[in-house]
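J.: Just need the structure, nothing else, for what follows:
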Amino acid sequence: MTSGVCMEQLSAWVGAGIVTAGVSAALLVGAGAASADTGSGAESGDSTSSGSTGSDADKPDSTKDKQDADAKDQEKDKPGSAADTKDDTKDDEKPPEAPDPDDSTSVTPAKPDIPKKKSAAASEPEVTKKTEVTEKAEVTDVAEKTEVAETTEPAPAMEAVVHTAIEPVAKRAAPQASSLAPALAPPAAPSLVGFVGSVIGAVVVNVGSVALSALQAVEALASGPPVLPPGSTVTVKDSWITLGTGQRVAANWYYPEVDEGDPPPDRMILLSHGFLALGPMYSYTAANLAESTGSIVVTPSIPSNFFLGDDYWLGGTGMASAIADLFVGDRAALTQSALDAGYATQYGLDPATAKLPQKFGLAGHSLGGNLVPGVAGFLATNGAASDLVGVVTLDGVPLGTTLTDALDKLDAYDAATPGDQFIPIREIGAPANLFNSLSTLKGDLSSARPDRFTGVELTDGVHMDSMRGGNPIIQFAAYVAAGFPVPQNPPAVDTLMAQWFNEWFGGDTGIGDDLVPGSTIDITTPQGTAHGVVIGAAPAATKSLRGVLTVAPSTPTTIPDTSPTLATLAG
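T.: Presented below is the predicted three-dimensional model:
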């Protein structure tokens, strides 16, 4: 049982106690108000109030019994007496006389909760005590008995009368309380197993959050700044990106070299890392992509802490939406980050007017392959998809329906946009392994776009084929965890990704659509030739007919007569 259910049960118990106390208090207050009201009405007749000097309580105890009997007889004979008023309620409906405002003994009645008693006619003789009255008359009767007890009986008798008179009222109130019983039924006792489970869950979340944050802090310290591959002409700078959520994420900016006097690059690519990784761990991959495509490449380091309870981590749709918003409008936050990383200085631009390239692509490894399709889907709805040239996933692992939702949004955008602006999503993957075992990306891509080229699976590939950085310790640890790649596959990832982006930036998104799913393509690299199997279901092979074909003879049910002409010719 959860803590929320426990709180609901506690609220039900407290509510039942409050209702019970309220009902009891209302009964007592009602009886007191009725007593005060009846007492003021009795003073309009000749009966003696509790404040008069002729009270029986002042007489000696030796004559008390006789005086009590005489007083009761006299009270019955007097017009307007309390006893007369009590017994003749139903005989006359005249209202009681108002008390004299100048009478010092008058008692101002409290605001009654029940109607006042109506006195009988003065000339009415003594009547027998009625046994059946209405509920309101009975409550007034209780008040009158209390009044008489206060003026004529000692304290013990008064307590007995009050107890006896109030008891029937309490019994009449019982049905009202019982009517609340179904709503106020006591809940079941809290479950110890549920309580322990909630405590364990809270501990796991808090400890897990601290552990992941500490792990990524250690990773950042161990990986250090991004390191460029030997002989690279790319410049890398660091800064921060402030997202619309208020989060600040570290970012590495890779600027390709341009000839003196040439304009700055007109292409940009955002490359996302995988789960528990950081941007600098992909410094070789990012630098090679920037150099081979002439694109500015940015690699943000996005938190992987899913224990935080929000949607703004690497696998959350909130983070995908926030990244997509960076490309809307004038891209102020993204541009400021690039300026902080020396963008204007790198290309000799005026910081006040410097702008980033308009056309851009997206790439993401592992869980980053969940982020970038999600970003593309949000771009299709926030108005910035017109500048997106395509998306590459690197052994991507989308979560839930992120990929299928993105494909639906992109196809709807393509159908609603004039002209031919198809936005491709392609995969460079590895065979099934521990890290991509839950991914349905290949099947989802080929099912959604059966007539399009959706990527390849590298023969003998591993999950870390696309993660290459300049820190040998981090690189070795990644290979130990996910497998050591064959030499030709990591450069094959760089070659294919660069080729696809160059085609897409050039406006051609259809190259490769004629490749047959299941067929193998060769990728030439400095480390040898890699092989990739085209994603998609292979077409059914044509089966040849083998064995001996036997045809059983058929005999007609009736044999026609022989034609004489045919018989002559046959002879």
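
J.: any idea how far L367 is from F484?
T.: Counting by CB to CB, to the nearest Å, the gap from F484 to L367 is 21 Å. Just so you know, the C-beta spots here come from the backbone N, C-alpha and C atoms, and that holds for glycine as well.

J.: Which of these two has more residues huddled nearby?
T.: Ranked by neighbour count (other CB atoms under 10 Å), F484 and L367 place L367 first, with 24 against 11.

J.: which non-adjacent residue is nearest that one?
T.: F275 (4.0 Å; CB to CB, 6 or more residues apart in numbering).

J.: Pretty sure that neighbour sits in a helix.
T.: No - per DSSP: H, G, I helix; E, B strand; the rest coil, F275 lies outside any helix segment and is coil.

J.: Thought S366 was touching it, still the case?
T.: Yes - proximity of F275 to S366 meets the contact threshold set by CB atoms under 8 Å, at 5.8 Å.

J.: all strands for the protein, in order.
T.: Secondary structure of the chain (DSSP state E): strands located at 235-242, 248-255, 267-272, 296-301, 359-365, 388-394, 425-429, 455-458, 520-525, 528-534.

J.: and the gap between the residue lying closest to E503 once chain neighbours are set aside and A290?
T.: The shortest distance from E503 to any non-neighbouring residue, by CB to CB, 6+ apart, is to I511 (5.3 Å). As judged by CB to CB, I511 and A290 stand 22 Å apart.

J.: ok so, going back, out of the strands of the chain, which comes closest to S447?
T.: Of all the strands of the chain, the one in closest proximity to S447, counting by CB to CB, is strand 425-429 (12.7 Å).

J.: okay, that closest one in CSV with CA atoms only?
T.: Extracted as CSV, the C-alpha positions of strand 425-429 are listed here (Å, rounded to 0.1, in the frame of the first residue of the first chain):
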residue,chain,number,x,y,z
ILE,A,425,16.2,8.7,-41.1
ARG,A,426,19.0,6.1,-41.6
GLU,A,427,20.7,3.7,-39.4
ILE,A,428,24.3,2.5,-39.2
GLY,A,429,23.9,-0.4,-36.8
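
J.: Let me see the domain layout of the protein.
T.: 3-50+60-179, 231-534 (automatic domain parsing).

J.: any low-confidence regions in the chain?
T.: 1-190, 540-563, 565-571 (pLDDT under 70).

J.: 50 instead?
T.: 1-66, 69, 71-72, 75-182, 542-555 (pLDDT under 50).

J.: Compare F275 and S366 (neighbour count), which wins?
T.: Ranked by neighbour count (other CB under 10 Å), F275 and S366 place S366 first, with 27 against 16.

J.: out of everything not next to it in sequence, what's closest to that one?
T.: S366 sits nearest to G274 (CB to CB, 6+ apart), 3.0 Å away.

J.: burial measure for that neighbour, as a count.
T.: Counted by other CB under 10 Å, the residues lying close to G274 total 29.

J.: tell me, what's touching F275 and S366 both at once?
T.: Common neighbours of F275 and S366, using CB atoms under 8 Å, 6 or more residues apart in numbering, are V397.

J.: Return the residues in contact with the spatially closest residue to A363 that is not a sequence neighbour.
T.: Closest residue in space to A363, ignoring its immediate chain neighbours: V392 at 4.3 Å, by CB to CB, 6+ apart. By CB under 8 Å, 6+ apart, the residues touching V392 are 361-364, 372, 425-428, 497, 500-501.

J.: Restricted to buried residues, select those residues in PyMOL.
T.: Buried residues within these, by 16 or more other CB atoms under 10 Å, are selected in PyMOL with:
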select buried, resi 361+362+363+364+372+425+426+427+428+497+500+501
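
J.: Make CSV out of the contacts of V392 and add distance to E457.
T.: Putting these into CSV (distance: CB to CB, whole Å) gives the following:
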residue, distance to E457
G361, 21
L362, 20
A363, 17
G364, 17
V372, 19
I425, 15
R426, 12
E427, 8
I428, 8
M497, 15
W500, 15
F501, 20
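
J.: between the contacts of V392, which is closest to Y254?
T.: So of those, ranked by how close each gets to Y254 (CB to CB), first place is A363, at 12.6 Å.

J.: what residues are up against the closest one?
T.: Neighbouring residues of A363 by CB under 8 Å, 6+ apart: 269-272, 289, 372, 391-394, 497.

J.: returning to what we had before: residues touching the residue nearest to S366, list them.
T.: Per CB under 8 Å, 6+ apart, neighbours of G274: 364-369, 467.

J.: Can you lay out those residues as TSV showing distance to G318?
T.: Listed next are these as TSV, based on distance: CB to CB, whole Å:
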residue	distance to G318
G364	16
H365	20
S366	19
L367	15
G368	16
G369	18
M467	25
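
J.: count of neighbours near the closest residue to P526 other than its chain neighbours?
T.: Nearest non-adjacent residue to P526, counting by CB to CB, 6+ apart: P491, 6.1 Å away. When neighbours are defined as other CB under 10 Å, P491 has 20 of them.

J.: And for the one 5 residues further on?
T.: Using other CB under 10 Å as the criterion, L496 is surrounded by 22 other residues.

J.: Closest one of the contacts of G274 to L441?
T.: G369 (6.8 Å).

J.: Excluding chain neighbours, give the residue nearest to the closest one in space.
T.: Nearest-residue entry for G369: G396, 2.0 Å, with adjacent residues in sequence omitted and distances by CB to CB, 6+ apart.

J.: so that neighbour touches G374, yeah?
T.: No - using CB under 8 Å, G396 makes no contact with G374, being 11.0 Å away.

J.: Between those two, which is the more surrounded one?
T.: Relative neighbour count places G396 above the other of G396 and G374, with 32 against 28, counting by other CB under 10 Å.

J.: Enumerate every residue touching that one.
T.: 364-366, 368-370, 372-373, 403, 427, 429, 436, 439, 441.

J.: Relative to N436, how far out is it?
T.: Distance of G396 to N436, given as CB to CB: 8 Å.

J.: Which neighbours do these two have in common?
T.: Between them, G396 and N436 share the contacting residues 366, 429, judged by CB under 8 Å, 6+ apart.

J.: Over to Q421: give its phi and psi.
T.: Main-chain dihedrals, Q421, degrees, to the nearest 10: phi -120, psi 70.

J.: Next up, the contacts around the residue nearest to it when sequence neighbours are not counted.
T.: Nearest non-adjacent residue to Q421, counting by CB to CB, 6+ apart: D414, 6.3 Å away. Applying CB under 8 Å, 6+ apart to D414 gives the contacts 421-423.

J.: now do T417
T.: S386.

J.: give me that answer again for 10 Å
T.: Neighbouring residues of T417 by CB atoms under 10 Å, 6 or more residues apart in numbering: 380, 385-386, 423.

J.: Equivalent analysis for F306, please.
T.: 205, 208-209, 212, 275, 313-316, 367.

J.: can you check G510 too?
T.: 420, 422, 424, 452-453, 503.

J.: try 8 Å this time
T.: F422.

J.: Now it, what are its backbone angles?
T.: phi -100, psi 0.

J.: Nearest to F195 among the contacts of G274?
T.: L367 (34.1 Å).

J.: Surely the residue nearest to P526 is in contact with T529?
T.: No - counting by CB under 8 Å, P491 does not reach T529; the two are 10.7 Å apart.

J.: To what extent is the nearest residue to K237 once chain neighbours are set aside buried, counted in neighbours?
T.: Counting by CB to CB, 6+ apart, A341 is the residue found nearest to K237 once chain neighbours are left out, at 3.8 Å. Neighbourhood size, A341 [other CB under 10 Å]: 24.

J.: on that earlier part again, can you lay out the strands of the chain as JSON lines showing distance to P280?
T.: Output for the strands of the chain, formatted as JSON lines (distance: least, CB to CB, whole Å):
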{"stretch": "strand 235-242", "distance to P280": "9"}
{"stretch": "strand 248-255", "distance to P280": "6"}
{"stretch": "strand 267-272", "distance to P280": "12"}
{"stretch": "strand 296-301", "distance to P280": "8"}
{"stretch": "strand 359-365", "distance to P280": "14"}
{"stretch": "strand 388-394", "distance to P280": "17"}
{"stretch": "strand 425-429", "distance to P280": "21"}
{"stretch": "strand 455-458", "distance to P280": "24"}
{"stretch": "strand 520-525", "distance to P280": "24"}
{"stretch": "strand 528-534", "distance to P280": "26"}
